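> Show me how the following folds:
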Amino acid sequence: MDHYDPILETIPDVRDGLTRTERIILHVLNEAQKELNGRNVPTVMLYGRVVEYVNISEAELHEYLYRLGVSRN
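Have a look, this model is predicted:
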């Protein structure tokens, strides 16, 4: 049975170096960009979708986005 473990959330995956949270953020961002026909995704929209999968604050999302190299144009 798969269960949530906060320690495992912080360990990067050996395959690509991403944590589960980072992978979720990138997946949700990609899906939202597809829906918006490639346009930029507003951070508030991304945050609303990400928190459906993982419990993080808006400030934490900004930290993840910065670390992932997702920036504003």
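
> Going by neighbour count, list what's buried in the helix ranked longest in the chain.
In the chain, assigned by DSSP state H, the helix with the most residues is helix 20-35. By 16 or more other Cβ atoms under 10 Å, the buried positions in helix 20-35 come out as Arg20, Thr21, Glu22, Ile24, Ile25, Val28, Leu29, Ala32. Using the backbone N, CA and C atoms, a C-beta is placed for each residue, glycine as well.

> Rebuild the residues you listed as a markdown table, extending it with pLDDT.
Compiled in a markdown table, those are given as follows (pLDDT from 0 to 100):
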| residue | pLDDT |
| --- | --- |
| Arg20 | 91 |
| Thr21 | 93 |
| Glu22 | 94 |
| Ile24 | 94 |
| Ile25 | 95 |
| Val28 | 97 |
| Leu29 | 96 |
| Ala32 | 97 |
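
> and these as JSON lines, adding distance to Glu52?
Formatted as JSON lines, those follow (distance: Cβ to Cβ, whole Å):
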{"residue": "Arg20", "distance to Glu52": "14"}
{"residue": "Thr21", "distance to Glu52": "13"}
{"residue": "Glu22", "distance to Glu52": "16"}
{"residue": "Ile24", "distance to Glu52": "9"}
{"residue": "Ile25", "distance to Glu52": "12"}
{"residue": "Val28", "distance to Glu52": "8"}
{"residue": "Leu29", "distance to Glu52": "13"}
{"residue": "Ala32", "distance to Glu52": "12"}
